[in-house]
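Undergrad: Predicted model and sequence follow; I will ask about them next.
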Amino acid sequence: MEYGPAPESTKEAQAWLEQHGRQFGLFIDNAWTAPGELFASINPADAAKLADLTQATSADVDRAVAAARAAQPGWQALGGHGRAKVMYALARLLQKHSRLFAVLETLDNGKTIRETRDVDLPLAARHFYYHAGWAQLQAEEFADYRAVGVVGQIVPWNFPLLMLSWKIAPALAAGNTVVFKPAEFTSLTALLFAEICVQAGVPAGVVNIVTGDGSVGEAIVKHEGIDKLAFTGSTEVGRLIRQATAGSGKKLSLELGGKSPFIVFEDADLDAAVEGLVDSIWFNQGQVCCAGSRLLVQESVQDKFLAKLRARMDKLTLGSPLDKSMDIGALVDPVQKQRIEGLVQSARDEGCTVYQPACELPADGSWFPPTLITGASTSAAVAQAEIFGPVLVAMSFRTPPEVVQLANNTVYGLAACVWTENISLALDVAPQIKAGVVWINTANQFDAACGFGGYRESGFGREGGREGMYEYLTALSEDARPAAPVVEAKAKAKAAVPAGSPFGIDRTAKMYIGGKQARPDGAYSRAIHGADGSFIAEVGEGSRKDIRNAVEAAHKAGGWTKATSHNRAQVLYYIAENLAARGEEFAARIAAMTGTKNAEKEVQASIERLFYYAAWADKYDGLAHQPPMHGITVALNEPLGVIGIVCPNESPLLGFISLVAPAIALGNRVVVVPSEAHPLSATDLYQVFDTSDLPGGVVNIVTGSADELARTLATHSDIDAVWRHDGSAEGCAEVERLSAASLKRTWVGGAKGRDWYSTAQAGGRAVLAHASQVKNIWIPYGV
Ligand code: NAI
């Protein structure tokens, strides 16, 4: 049956624009500034101008940050219940004005009213309700944390109001104040939101909204008054932001692009999978970071599935986004259309088959038909690049291991779909896919209670859920951290064996790679001197090549990640036991190197720390969420993979153990650069490891220059995270800057030290969170 047009009325939305004279200033300190230099906001469906908006200047950003700073203590002092009431009012007002918001969003963005009405608005309101709850519970559930302070938030144009709620709701719940920048194509619903903030009783300065292009974003990113940045957008800009904030101490969360696989096994309900695919790649014209843009279908059902898919594509309706019966609306801007056309043309040029249903595109505005590309190679641009349009690339596979390998053949890791009627297969495959969200027999489901965010170059940090709250909180123990003690490395690189050394070459500690002692590749050594200046021993001068070998060994030790947490705990206890058996020897070594009188205490504390993380190994469990769906969402704490660790110089044994133990307790493998000044506590551990059933390659140790080796770790493409805690502010900044290339997770101590004896500063969930990332697996029920 054909449906006639059923357009939604735009009367109220147009009246609201008129009421503002179709010209907007910025929203700072609960007041509108006079409009400044203007740019047009265009309806992408018919190219008509909706309003003129202000391009904020850096002075405007200064004013917004100052207003947020001034308002922050008062907002925090309002208390959890006070904030919860305001946030509840915001949720209610979003619902009360939901149709106005939905229509305005459709006018501004070009997405269909069906989506803004049924998806964007309900989810945005839910986000404020959910986070009103966290505000209420903050004192109880996050007692050891405080608000970060002033938060800068920058969002893209694909879900303007929804992204606003994902950003602003957790920030406010935690007691922060906000400087928010919508995307230049789609600022209108943020400006309408500003008005409801006033109605809801949000105090002046708590929410500030500045409009404009990327230069406004840059001004926010660089602003010294900003304590945390939250960004959603392209991986390219995410990288720039990582570089720009390196060494600034600003907290950072990045939600970036994706190229998410949509896997269909031969036993899947194929008709349901086709509908899932429609929701996955044609939802919001494919302008979705987690769009299922790579179809991987089992070879045995490929032809049948693609035939069903083409038939379904033929029935997709494309046209006025305000028409309630439309499936596909307009693209946000002609520039996106050109980009998509270019990529589809590249596929044609490479001989791929491009299927598009015959559909008439409206004359004005930016439109692109639903598109299916077959015959592309795995390395083709359309198979690797984020197209961000209604374009699906289909490939086939034969076996589950092959599909896991294909699914992970991308620099991204945001989401994945797995379709099969075999739950064992689904739950076997889901953890093997490197992605922050896996939907089983469903697609593009979101809920405020379930964290969302990526692995790899899809960014880091999570939005939603308990884990999302931590992005907007600072542990109180961070405030108590002492200044890093200055410990000078006693020898420079490439120092020769001191003349007349009484020890000879057998006092040279080797590297520890793949469970074996290895000579440094460069055949250089450095002398290590004791606190009294006397020569103690030599260690190898690690090089780029040694790190490469260590990373390779760490990758080969993947069995550790698959081992049970019980098994990992046993190994940690065993290391503790064997360390205790040689406690005196370790204490003597520490005393000789550092001159401390506390050497025995340090050994005891190290043994206790091993017990501590052995205890955590099988207790850092995930969660089972019950979002508004018939089913559950299982949030797993997964290891990051291979972590490069640069240890502190103070407490050379305890510092080493305090960083290595949590990492391996959760299933990571590590490449460790021990204290540059006092590395012998680490090199003495080789025999302890060898007698403790620690599989080779789980812990690899490369001695040498912290600066040089940290640089190599940060630029290595096969390392997932780098931690640096040796008190070098410059070195830490460099790690953050260099890690931007492959968007590694970083945990750096900066110029501050850490009291390694304090469990609050060197333990707890905050440390475990650095060693893991959350994957949410959505499992709907029903037959
Ligand atoms: P973008 O990443 O440039 O823009 C996102 C936001 O960042 C906007 O508010 C923009 O004004 C701001 N921005 C731009 N440059 C900035 C800078 N140097 N510093 C701080 N803020 C800056 O994304 P754009 O240009 O709108 O889209 C380009 C491509 O990015 C798309 O084709 C798509 O592939 C990808 N994209 C991915 C999104 C996602 O959710 N993963 C969302 C939007 C775009």
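TA: Ah, there it is.

Undergrad: how about the residues of this structure near the ligand?
TA: 154-158, 181, 183-184, 213-214, 217-218, 221, 232-234, 237, 240-241, 256-257, 289, 336, 339, 386, 388 (CB under 6 Å from any ligand atom). C-beta coordinates here come from the backbone N, C-alpha and C atoms, glycine included.

Undergrad: repeat that with 5 Å
TA: Counting by CB under 5 Å from any ligand atom, the chain comes close to the ligand at 154, 156, 183, 214, 217-218, 233-234, 237, 240, 257, 289, 386, 388.

Undergrad: Could you chop this structure up by domain?
TA: 24-40+50-256+468-475, 261-450, 513-519+541-772 (the TED database).

Undergrad: Identify the residue nearest Ile547 in space, chain neighbours excluded?
TA: Distances taken as CB to CB, 6 or more residues apart in numbering put Thr712 closest to Ile547, at 4.6 Å, once the chain neighbours are dropped.

Undergrad: what number of residues lie near that neighbour?
TA: 27 (other CB atoms under 10 Å).

Undergrad: ok, Tyr781 touching Gly631?
TA: Yes - Tyr781 lies in contact with Gly631 (CB atoms under 8 Å); the separation is 4.7 Å.

Undergrad: Between the two, which has more neighbouring residues?
TA: Taking other CB under 10 Å, Tyr781 and Gly631 do not tie; Gly631 has more neighbours (17 against 9).

Undergrad: if we can go back for a sec, surely the residue nearest to Ile547 is in a helix?
TA: Yes - Thr712 forms part of a helix when assessed by DSSP: H, G, I helix; E, B strand; the rest coil.

Undergrad: Just give the closest residue to Leu270, not the sequence neighbours.
TA: Using CB to CB, 6+ apart, the nearest residue to Leu270 is Phe305, at 5.4 Å.

Undergrad: Same question for Asn649.
TA: Closest to Asn649 by CB to CB, 6+ apart is Val487, at 3.6 Å.

Undergrad: ok, now which ones touch the one you found?
TA: Shown in contact with Val487 (CB atoms under 8 Å, 6 or more residues apart in numbering): Asn649, Glu650, Ser675, Ala677, His678, Gly727.

Undergrad: Please give me every residue in contact with the second one.
TA: Meaning Glu650. Ala484, Pro485, Val487, Gly727, Gly753, Trp756.

Undergrad: Report the closest residue of the chain relative to the ligand.
TA: When scored by CB to the nearest ligand atom, the chain has Gly217 as its residue closest to the ligand, at 2.1 Å.

Undergrad: show me what contacts that residue?
TA: Ile154, Lys181, Phe231, Val237 are the contacts of Gly217 under CB under 8 Å, 6+ apart.

Undergrad: Would you confirm that the last one contacts Gly214?
TA: Yes - the pair Val237 and Gly214 qualifies as a contact (CB under 8 Å) at a distance of 7.2 Å.

Undergrad: More neighbours: the two, which one.
TA: Val237 (20 against 15).

Undergrad: immediately after the helix or strand that contains that one, which helix or strand?
TA: Element membership of Val237, judged by DSSP states H and E, is helix 235-245. Using DSSP H and E, the next helix or strand after helix 235-245 towards the C-terminus is strand 251-255.

Undergrad: quick one: contacts of that next one?
TA: Residues from elsewhere that reach strand 251-255, judged by CB under 8 Å, 6+ apart: 148, 227-232, 238, 241-242, 245, 289, 452-454, 458-463, 471, 474, 743.

Undergrad: Can you say which of those are buried?
TA: Applying 16 or more other CB atoms under 10 Å to the contacts of strand 251-255, the neighbour count classes 148, 227-232, 238, 241-242, 245, 289, 452-454, 458-463, 471, 474, 743 as buried.

Undergrad: Please flag which of those residues sit within strands.
TA: Counted as lying in strands by DSSP state E, out of those, are Lys228, Leu229, Ala230, Phe231, Thr232, Gly459, Phe460, Thr474.

Undergrad: In PDB, please show the C-alpha coordinates belonging to the helix or strand Asp60 falls within.
TA: Element membership for Asp60, per DSSP H and E: helix 58-77. Output of helix 58-77 as PDB, limited to C-alpha atoms (Å, rounded to 0.1, in the frame of the first residue of the first chain):
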ATOM      1  CA  SER A  58      37.700  34.000  21.700                       C
ATOM      2  CA  ALA A  59      36.600  36.900  23.900                       C
ATOM      3  CA  ASP A  60      33.200  35.300  24.000                       C
ATOM      4  CA  VAL A  61      34.700  32.000  25.000                       C
ATOM      5  CA  ASP A  62      36.600  33.800  27.700                       C
ATOM      6  CA  ARG A  63      33.300  35.200  29.000                       C
ATOM      7  CA  ALA A  64      31.600  31.900  28.900                       C
ATOM      8  CA  VAL A  65      34.400  30.100  30.800                       C
ATOM      9  CA  ALA A  66      34.500  32.900  33.400                       C
ATOM     10  CA  ALA A  67      30.700  32.600  33.900                       C
ATOM     11  CA  ALA A  68      31.100  28.800  34.200                       C
ATOM     12  CA  ARG A  69      33.900  29.200  36.700                       C
ATOM     13  CA  ALA A  70      32.100  31.700  38.800                       C
ATOM     14  CA  ALA A  71      29.000  29.400  38.900                       C
ATOM     15  CA  GLN A  72      30.700  26.100  39.700                       C
ATOM     16  CA  PRO A  73      31.100  26.400  43.500                       C
ATOM     17  CA  GLY A  74      27.400  27.400  43.900                       C
ATOM     18  CA  TRP A  75      26.200  24.600  41.600                       C
ATOM     19  CA  GLN A  76      28.300  22.000  43.600                       C
ATOM     20  CA  ALA A  77      27.100  23.500  46.900                       C
END
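
Undergrad: How far off centre is that helix?
TA: A distance of 26 Å separates the centroid of the chain from that of helix 58-77, by CA atoms, centre = their mean, to the nearest Å.

Undergrad: Could you list every helix and strand in contact with it?
TA: Counting by 3 or more CB pairs under 8 Å, 6 or more residues apart in numbering; DSSP states H and E, the packing neighbours recorded for helix 58-77 are strand 27-28, strand 145-147, strand 150-154, strand 177-181, strand 207-209, helix 214-222.

Undergrad: just to revisit the earlier point, for Gln14, find the nearest of the domains of the chain.
TA: domain 24-40+50-256+468-475 (8.4 Å; CB to CB).

Undergrad: mind checking how far the closest one is from the chain centre?
TA: In terms of CA atoms, centre = their mean, the centre of domain 24-40+50-256+468-475 is set 18 Å apart from its chain centre.

Undergrad: cool, and stretch 598-618?
TA: 30 Å.

Undergrad: How about residues contacting that stretch?
TA: 564-566, 568-570, 572-573, 575-576, 579-580, 583, 586-591, 596, 651, 653-654, 657-658, 661-662, 665-666, 756-757, 759, 762-763, 768.

Undergrad: need the helix or strand of the chain with the lowest average pLDDT.
TA: In the chain, no helix or strand scores lower on mean pLDDT, DSSP states H and E than strand 508-509, which sits at a mean of 86.
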